[in-house]
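Engineer: Got a sequence here, can you model it:
(one chain, ligands or ions: 3)
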Amino acid sequence: MHPTPKEPSVAPVRLKKDPGALTQSEPAEGVHLSEVHRDITLKGKFYSSLAFKVLLGYIVLWGLGCILLSDSFLGMLGMDPAAIEQFKPFRRWIFLLFTAPLLYWLVFRQATSLQHKNDLLGAAEKKVMRLNRMHKVLSEINHVILRARDRKHLLHEICNIVQERGHFSFVWIGLGETEAVLPQVIVTSGEGSQYLQELFDGLQIASSEERGEPALASFRKKYHVVINDIKTYSKKQFAWQRRALDNSYQSVAAFPIKTSSGMSGVFAIYASETQVFSQEEVDLLRELAADVSYGLSDIEQKEQLYYAANYDVITNLPNRQLLEDRLNQTIARAYHDKRCVGLAFIELIELDSMINAYGQAAGDKILQETAKHLSRLVRDGDTIARLGNNQLGVMLADVADVYDIPVVIQKIMRSFLVHLTNHKDVTIKMLAGVSIYPKDAENGVMLIKNAELALRGISPDEKIDCAFFSKEIESGTKYAQSIEEELEGALERQEFTLYYQPIVDSDTRKVVGVEALMRWRNPKLGEVSPAQFISIAEDKNWITGLGEWTLKTACMQLKEWKSNGMDLTVSVNMSSKHIMQPQFLEKLKILFTAMKFNPEEYSLAFEISETALIDEPKHVIELFIALREMGIKIYVDDFGTGYASLSYLHGLPVDILKIDSMFVRTLEKDPTVKTMIKGILAFASGLGVKTIAEGVETEKQLKILRHLGCTLVQGYVFSAPMLSKSVSTLFHRQL
Ligand code: C2E
Ligand code: CA
Ligand code: CA
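Structural biologist: Ligands and ions are numbered 1, 2, ... in the order given. As a prediction, the model looks like this:
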């Protein structure tokens, strides 16, 4: 017989207002097993013993038999003495016939009643143990709530405790906006991720049936749902029911959660036995759900207070106090790792007059835009903060060399001019003062103070927009300016050379390809690294000229090598600024025709940095397809450093992923890096493309990489970049 599905009972959630209700000292109240024991055993302590009852019954029957069959009793019944005399031999048999069945009945009855009592005791014992366990769970959870500092951590702990201590198969908690149909944040414990995944997949297929799943129903309708036997719940056998049974869930209970800020949630529990959720247990779990609601509300309140004390409401940026904290923490780490920390104190000098002209709202908008733009320019561990009305702070954390700081600051200031002047109606001038740990200060307060001092030192008649607390560093900035001056016309003056760095197959130890790398030698500046001049060339739009020169030189070299019987791939770095130009493909074809270079006959590759792939994905895919049709291979350079999503990279037509040297560098120190490389290799093999590890310097790194399955490598372990004629010598050798 299958009961029809019942509309579950409506039970609004109780949100505890009084934090005192969760004090640690509150003992776990529980039902004591001994009480039940006493109830059943004391009541018929002695009388209930089987032997005594049977003995008593037998004595009574025996006495009764003796009386009923005695001569005097039979005489009283009017039997004549002769008949009594005749009856005497049968009396024993009648006595036996009369007492035996009665004795049997007596023993049987007592035995079954004892059995029944034993069963009752067993069931009570089990229930009491469960309830006691749940009381312990409740008290443990209250402890967790008192200690909890963040939401995700709290939910994880709760799920783990309820699932493990409560001996349940699977527990999950979901949270979402009140009006949401499905929870967005999900935390689980136990065996059930597959069940959840299939449930959510089922919803995608738009089956309204799935919405009846107890946990989802509880989330949406905000009442608790208890099903003590999933199998018999509905004859219809809903999809979720079948899946639950496949996962060996026999019963389920779900309780709604609600926080003070209006977030909704559900707390769902699945058990592998039927009839797990007795009324008492449900009451306890409801209390538990209410405690979770309370815990979440408490965290929300703490977060709001923390936010108000540490953030600026207009820009959502950290305020001065939080910046100081972060600076101090970052400095402590930098001291340990021997790194530098930079702080730029930035002032938007015309902001006040703009507010006077256009109003406060316009001023706020400029600040917000500026903050957003700055956040995009810096790295993840860096901090942008609001320091005053028209003042912002930029902390550059974890910098390897003091002289890297002026380069980054210059980049920020330059991009800023371009960015803000793009908004035709707004031109805003920015000044920056910069101080650096450990040169200029030892703590956050002093670093901010000295950066501001450097800013105040800029006099109005000076042309500079950025000053350093330490004048020694400032000359580094002047160096960047002179690179810019010298770079103009360097191509015409033939100051560039192309070097080639071998890419080696570590199985055969033979050179299979080379990467073309630019070298610039300037009479005034000496040898300048491409890491310094390429970004300036990109900003100044000189990169196309440099790119065309590199490509032409590399192709000529490729032709020469091929005619000498050297079969190798030459890969050329191509800037995204260059390849994204509207006429790029046409110009490329013209260049090849002019050089009489047919890319199909040679092995030519373009190295394009992963970070360059993020903008305009549609255009990038089309471009790659066209390039590959021409016979050019595509290498994704610096793979793992960009933020391109894996699903997007999945659709990209490429030939090789170049694993960035950053991974290789930290391979021996940091064990998580190995896992990351494994992930990259698995991803590449899924795409059916090869990988090259860059910047391999030691035999140990090479060994680990080979062990992981990455055989193509490039780096000082085999060879530094070299002139073309040295490549010819190496090509015929085994390295
Ligand atoms: P990249 O494409 O990642 O090039 C690899 C860089 O790592 C090269 O620096 C190379 O000399 C260096 N390197 C190679 N093996 C090792 C090693 O074992 N250890 C270490 N520490 N470094 C190693 P380089 O030549 O200074 O180039 C720097 C960046 O400048 C290149 O990074 C590339 O993004 C850019 N670049 C170089 N030449 C060109 C070019 O012709 N066009 C464009 N657009 N960019 C170029
Ligand atoms: Ca490269
Ligand atoms: Ca690279």
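Engineer: Could you use CA atoms for every contact and neighbour count after this?
Structural biologist: OK.
Engineer: Just list the residues touching the residue of the stretch 601-735 of the chain found nearest ligand 3, thanks.
Structural biologist: In the stretch 601-735 of the chain, no residue comes nearer to ligand 3 than residue 638, which is 4.2 Å away by C-alpha to the ion. Residue 638 is in contact with 609-610, 658-661, counting by C-alpha atoms under 8 Å, 6 or more residues apart in numbering.
Engineer: Now it: closest residue in space, sequence neighbours ignored.
Structural biologist: What sits nearest to residue 638 in space, not counting adjacent residues and going by C-alpha to C-alpha, 6 or more residues apart in numbering, is residue 660, at 4.2 Å.
Engineer: helix/strand/coil for the residue of the stretch 601-735 of the chain closest to ligand 3?
Structural biologist: Look at residue 638: counting by DSSP: H, G, I helix; E, B strand; the rest coil, its state is strand.
Engineer: okay, it: pLDDT?
Structural biologist: Predicted confidence (pLDDT) at residue 638: the value is 90.
Engineer: Also the one 5 residues further on?
Structural biologist: Looking at residue 643, its pLDDT is 63.
Engineer: next one: phi and psi at the closest residue to ligand 3 within the stretch 201-350 of the chain?
Structural biologist: For the stretch 201-350 of the chain and ligand 3, the shortest gap (C-alpha to the ion) falls at residue 339, measuring 23.0 Å. Per-residue torsions, residue 339: phi -120, psi 170 (degrees, to the nearest 10).
Engineer: Hmm, it is touching residue 401, no?
Structural biologist: Yes. Using C-alpha atoms under 8 Å, residue 339 is in contact with residue 401, at 7.2 Å.
Engineer: Of these two, which one has the most company?
Structural biologist: Between residue 339 and residue 401, counting by other C-alpha atoms under 10 Å, residue 339 is the more crowded of the two (18 against 11).
Engineer: give me every residue that touches the more buried one.
Structural biologist: Contacts of residue 339 (C-alpha under 8 Å, 6+ apart): 398-401.
Engineer: Quick one: buried ones out of these?
Structural biologist: Buried by 16 or more other C-alpha atoms under 10 Å: 398-399, out of these.
Engineer: ok, which of the contacts of residue 339 also contact ligand 1?
Structural biologist: Among the contacts of residue 339, none lies close to ligand 1 by the criterion of C-alpha under 6 Å from any ligand atom.
Engineer: by contact count, what packs against the longest helix along the chain?
Structural biologist: Ordering each helix of the chain by length in residues (DSSP state H) puts helix 81-147 first. In terms of contacts (3 or more C-alpha pairs under 8 Å, 6 or more residues apart in numbering; DSSP states H and E), helix 81-147 is packed against helix 33-43, helix 50-68, helix 71-76, helix 151-165, helix 279-310.
Engineer: Give me the average confidence score over the second one.
Structural biologist: Helix 50-68 shows an average pLDDT of 81 in the prediction.
Engineer: Mind listing what's buried along it?
Structural biologist: Within helix 50-68, judged by 16+ other C-alpha under 10 Å, the buried ones are 50, 53-54, 57-58, 61-62, 65.
Engineer: Number of residues surrounding whatever residue of the stretch 1-150 of the chain ends up closest to ligand 1?
Structural biologist: Using C-alpha to the nearest ligand atom, the single residue of the stretch 1-150 of the chain nearest to ligand 1 is residue 150, 39.4 Å away. Residues lying near residue 150 (other C-alpha under 10 Å) number 16.
Engineer: Give me the pLDDT for it.
Structural biologist: pLDDT for residue 150: 85.
Engineer: Look at residue 691 and give its secondary structure.
Structural biologist: Going by three-state DSSP: residue 691 is strand.
Engineer: Tell me which residues touch residue 269, please.
Structural biologist: Under the criterion of C-alpha under 8 Å, 6+ apart, the neighbours of residue 269 are 163, 168-172, 252-254.
Engineer: My guess is the residue nearest to residue 638 contacts residue 667. True?
Structural biologist: No. Residue 660 lies out of contact with residue 667 (C-alpha under 8 Å); the separation is 11.4 Å.
Engineer: Could you list the low-confidence segments of the protein?
Structural biologist: When residues are selected by pLDDT under 70, those of the chain lie in 1-49, 204-209, 416-427, 462-463, 472-478, 642-645.
Engineer: Can you name the residues of it sitting close to ligand 1?
Structural biologist: Checking the chain against ligand 1 by C-alpha under 6 Å from any ligand atom, the hits are 517-518, 529-531, 547, 550, 573-575, 638, 695-697, 715-716, 720-721.
Engineer: change it to 8 Å
Structural biologist: Within the chain, the residues that sit near ligand 1 (C-alpha under 8 Å from any ligand atom) are 498, 501, 515-519, 529-532, 534, 543, 546-547, 550-551, 572-576, 607, 609, 637-638, 660-661, 694-697, 714-717, 719-721.
Engineer: filter those to the buried ones?
Structural biologist: 498, 501, 515-519, 534, 543, 546-547, 550-551, 572-576, 607, 609, 637-638, 660-661, 694-697, 714-715, 717, 719, 721.
Engineer: related to what we said a few turns ago, and the residue nearest to residue 638, how far is that from residue 690?
Structural biologist: To residue 690, residue 660 is 14 Å away according to C-alpha to C-alpha, to the nearest Å.
Engineer: Same check on residue 626?
Structural biologist: 21 Å.
Engineer: Quick check on these two: which one has the bigger neighbour count.
Structural biologist: Legend: neighbour count by other C-alpha under 10 Å for residue 626 and residue 690, higher for residue 690 (17 against 13).
Engineer: Next up, the contacts around the more buried one.
Structural biologist: Residue 690 makes contact with 655-657, 684, according to C-alpha under 8 Å, 6+ apart.
Engineer: Neighbour count added to the residues you listed, as a markdown table?
Structural biologist: Below are the contacts of residue 690 laid out as a markdown table (neighbours: other C-alpha atoms under 10 Å):
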| residue | neighbour count |
| --- | --- |
| 655 | 18 |
| 656 | 21 |
| 657 | 26 |
| 684 | 17 |
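Engineer: Which of those residues sits closest to ligand 1?
Structural biologist: When the contacts of residue 690 are compared for distance to ligand 1 (C-alpha to the nearest ligand atom), residue 657 wins out at 12.0 Å.
Engineer: Give me the contacts around the helix or strand that the closest one is a member of.
Structural biologist: Element membership for residue 657 (DSSP states H and E) is strand 656-659. Residues outside strand 656-659 that contact it (C-alpha under 8 Å, 6+ apart) are 634-640, 677, 680, 684, 689-694.
Engineer: Widest-spaced pair of those?
Structural biologist: Longest distance between any two of these is 20.4 Å, between 634 and 677; criterion C-alpha to C-alpha.
Engineer: Need the nearest residue in space to residue 155, chain neighbours excluded.
Structural biologist: residue 187 (6.5 Å).
Engineer: On the strand side of things, show who that neighbour bridges to.
Structural biologist: Taking DSSP bridges as the rule, residue 187 bridges to residue 173.
Engineer: pretty sure it contacts residue 173?
Structural biologist: Yes. The pair residue 187 and residue 173 passes the contact test of C-alpha under 8 Å, sitting 5.4 Å apart.
Engineer: Comparing the two, which residue is more hemmed in?
Structural biologist: When neighbours are counted by other C-alpha under 10 Å, residue 173 comes out ahead of the other of residue 187 and residue 173, with 25 against 21.
Engineer: Quick one: residues contacting the more buried one.
Structural biologist: By C-alpha under 8 Å, 6+ apart, the residues touching residue 173 are 155, 159, 186-188, 265-268.
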